[in-house]
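Participant: Curious how this folds, go ahead:
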Amino acid sequence: MEQAEDEKLKTFFYKLIDYFCIPRDSKTASYLWNIMMAVSTHADLFVQDNFPVVYDYWGDKEHDNSAEIHCAWLFAMVLSEILPEQRQQLYKAAYNYCSKGKDEPMYGWEFQSDPNVLRQMASVLYAVTRVPEVIPALRDELESKEIKYKDKIDELFLDLKDFMPSAPGPYISSYSNRYEKPADAKNTEKIDKKIHEYISQYYNLDTKDAEKRQATIQAIADKEHKAPHLFGKERTVYGAANGYMTFQPVFGKHNLGITIPENGAIAALVNAVGMPCSNNRKSLLNPNYGRRRPGQGEYDPSANTISEQRARVNYAIEEGDGHTTGYYNQNGDYVSSDGTHIGDYGTYFQSQLYANSYPSGHSAYIWGVALILMEVMPDKAAEIMKAANQFAINRTIARYHWTSDTIMGRVIGSTFIPVLHATSNLNLEKLLNKAKEEYEKLRKGIPAEPEHEETINTSLAYSIGGYGSCHVDAGEKYKCHCCNKECNKDRHPSITVNQRVNFTIEGAGVTTMEGATSGIWEANTPYYLTCPKVEEGEEKIATITMRNSNGVRVLKYKLSRQGTHDDGPEE
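Facilitator: Coordinates of the predicted model:
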């Protein structure tokens, strides 16, 4: 019996590697065999709990070729790293192997038979079983090599429309016949709308269900998907319409059980891979597909084409949470960060929201990030997978995407990580090794060191003004600047920076005027701070940390009881 099972497994394996034209007696075949045999040891990851949804869309259809679809995608990912010059052919072959390819229904499958779940799980197994040390030898064996890009990384992108389905509806009417529609487009649209109706009914800021209200807050906060939102500590900020709100970092202590620095080696790795994984979707992201976003009507340059529901949700959070440069007000008008009202929606919708819902770039981004994080911390694979899937689902809770947009986005996110590993320009293995070192320190409770600190220290300019405060860079001697006799004692201290930064304030009870201790400061805009009362002879120190893609800068903000002097600053 056991021998018969072994022969059946070998037959299954040989059929696959023959399909991908890999010699049976090669080292590459042995590597693929070992990975396939390791699948069973990670069966605990393949559970529905790691794929959270707000509406259970799985059905009862069982796929006859589940194992084939799963292993074909796994092998395509592995081989795309070994044979990157053949990545287009490999993924196309895998997508069509034992499936209907572009015509495969999106919905109705049993969870463990769902082709897109199978592809996601294959990508997880690629990440947790990858052995980078053996790849160079396998490339030599198959006469392959690393790839480089001369100018832009988009030279490496896949032509996804060659093998993945185009957008289902709802379509803008004038665009609906320009591209072929998926065979299952009507059913996909029907279920997408059903999920959207459910979300619109239950996930709102004014719901009495505190859990769903917080989920709605988190969902729209997750529009921000760079390192300061993915990592670090939770943030409590003030929103004008809703009081204090708490945002959990996507891969923070709440989800992973550890606090990853926003500016360390892990964050640097994520910054290197995230956007390429998102932008890889561009060949499938074509406005000419004409797929409307939820709540979007026909294009009318003189009308507010956003639905009342979506405008209300976006307005209620985005006005005051520090996650965006603009917001929709209660009248549905878009307001920029400097207070300029844009009454005409035409240009905005055409460039930002018009007919480009499919697929979700945020979902592609987060799944690529999740895979690289699983390589850094494979022991956290289940937690990372669950958090990333929730982030993707939050795009539907926030009314930015249909659920099928996020499903396909995650599959797309899996395709580019092997290509990035095979790209010598990025020096990804060095970044990966530094990230692994940082993770080991975090596990042992050793503080991580910031990455790229010098860059921002030479490029970020700031000024702090106002009564009752002084400032220095961390590590310098304190310089206490006193006011003169004519100072306005009712003026609040303010800070102005020349770059957009994420900020955190710790210590001494210092907050923004709105009571926030973290958020975003835009460039060349004064932000006013509130400080507690300081008694005669007392000093208090607050730490202000400012970060952006250039790095980090730390200031010490010193509060002391002010005298009135005419003789300038005191040392």
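Participant: Does Glu522 touch Arg500 like I think?
Facilitator: Yes: look at Glu522 against Arg500 with Cβ atoms under 8 Å: they come within range, at 5.5 Å. To be clear about C-beta, it is placed using only N, CA and C from the backbone, and glycine gets the same treatment.
Participant: got the contact list for Leu284?
Facilitator: 160-161, 164, 166, 358-359, 408, 412 (Cβ atoms under 8 Å, 6 or more residues apart in numbering).
Participant: can you give me phi and psi for it?
Facilitator: phi -100, psi -20 (degrees, to the nearest 10).
Participant: and the residue nearest to it when sequence neighbours are not counted, how far is that from Asn280?
Facilitator: Once flanking residues are discounted, Leu284 sits nearest to Leu160: 4.2 Å by Cβ to Cβ, 6 or more residues apart in numbering. Leu160 sits 8 Å away from Asn280, going by Cβ to Cβ, to the nearest Å.
Participant: the more surrounded of the two?
Facilitator: Higher neighbour count among Leu160 and Asn280: Asn280, with 27 against 24, using other Cβ atoms under 10 Å.
Participant: any idea which element the residue nearest to Pro52 when sequence neighbours are not counted lies in?
Facilitator: Leaving aside its chain neighbours, Pro52 sits nearest to Gln390 (5.0 Å; criterion: Cβ to Cβ, 6+ apart). Gln390 belongs to helix 381-397 when assigned by DSSP states H and E.
Participant: what mean pLDDT would you report for that helix?
Facilitator: In this model, helix 381-397 has a mean pLDDT of 95.
Participant: In terms of secondary structure, what does whichever helix or strand comes after it contact?
Facilitator: Counting by DSSP H and E, the next helix or strand C-terminal to helix 381-397 is helix 403-421. Other helices and strands packing on helix 403-421, by 3 or more Cβ pairs under 8 Å, 6 or more residues apart in numbering; DSSP states H and E, are helix 66-82, helix 87-96, helix 115-129, helix 185-202, helix 265-279, helix 361-376, helix 381-397, helix 428-443.
Participant: let's go with 7 Å and repeat that
Facilitator: helix 66-82, helix 115-129, helix 185-202, helix 265-279, helix 361-376, helix 381-397 (3 or more Cβ pairs under 7 Å, 6 or more residues apart in numbering; DSSP states H and E).
Participant: quick check: mean pLDDT across the fourth one?
Facilitator: Helix 265-279 comes out with an average pLDDT of 91.
Participant: Show residues contacting it.
Facilitator: For helix 265-279, contacts defined as Cβ atoms under 7 Å, 6 or more residues apart in numbering pick out 153-154, 227, 230-231, 260-261, 361, 364-365, 368-369, 372, 376, 413, 416-417, 420, 426, 428, 431-432, 434-435, 437-439, 451-452, 549.
Participant: just the buried members of those residues?
Facilitator: With neighbours counted by 16 or more other Cβ atoms under 10 Å, those contain buried members at 153, 227, 230-231, 260-261, 361, 364-365, 368-369, 372, 376, 413, 416-417, 420, 426, 428, 431-432, 434-435, 438-439, 451-452.
Participant: Between its first and last residues, how far does stretch 32-47 reach?
Facilitator: End-to-end distance for stretch 32-47, by Cα to Cα, to the nearest Å: 24 Å.
Participant: can you pull the buried residues of it?
Facilitator: For stretch 32-47, by 16+ other Cβ under 10 Å, it's 32-33, 35-36, 39, 42, 45-46.
Participant: Those residues into a markdown table, with extra columns for pLDDT and distance to Ala127?
Facilitator: Listed next are these as a markdown table, based on pLDDT from 0 to 100; distance: Cβ to Cβ, whole Å:
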| residue | pLDDT | distance to Ala127 |
| --- | --- | --- |
| Leu32 | 97 | 16 |
| Trp33 | 96 | 19 |
| Ile35 | 95 | 11 |
| Met36 | 94 | 15 |
| Val39 | 88 | 13 |
| His42 | 92 | 10 |
| Leu45 | 94 | 10 |
| Phe46 | 95 | 14 |
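Participant: Out of those, list just those in helices.
Facilitator: If you go by DSSP state H, these have 32-33, 35-36 in helices.
Participant: and which of these is nearest Gln120?
Facilitator: Nearest to Gln120 among those: Ile35, at 16.5 Å, using Cβ to Cβ.
Participant: Go ahead and confirm that closest one touches Val78.
Facilitator: Yes: in this structure Ile35 lies within contact range of Val78 using Cβ atoms under 7 Å: 6.4 Å.
Participant: show me where the stretch 151-300 of the chain has helices.
Facilitator: For the stretch 151-300 of the chain, applying DSSP state H, counting those that start in this stretch gives helices covering 185-202, 210-221, 227-230, 253-256, 265-279.
Participant: from those, which stretch is densest packed?
Facilitator: helix 227-230 (a mean of 25; mean count of other Cβ atoms under 10 Å).
Participant: packing partners for it?
Facilitator: Against helix 227-230 (3+ Cβ pairs under 7 Å, 6+ apart) you get helix 265-279.
Participant: The same query, at a cut-off of 10 Å, please.
Facilitator: Using 3 or more Cβ pairs under 10 Å, 6 or more residues apart in numbering; DSSP states H and E, the elements in contact with helix 227-230 are helix 265-279, helix 361-376, helix 381-397, strand 501-506, strand 518-521, strand 539-548.
Participant: Need the ones you listed in JSON lines (columns: distance to Met121).
Facilitator: Putting those into JSON lines (distance: least, Cβ to Cβ, whole Å) gives the following:
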{"stretch": "helix 265-279", "distance to Met121": "18"}
{"stretch": "helix 361-376", "distance to Met121": "12"}
{"stretch": "helix 381-397", "distance to Met121": "9"}
{"stretch": "strand 501-506", "distance to Met121": "34"}
{"stretch": "strand 518-521", "distance to Met121": "35"}
{"stretch": "strand 539-548", "distance to Met121": "34"}
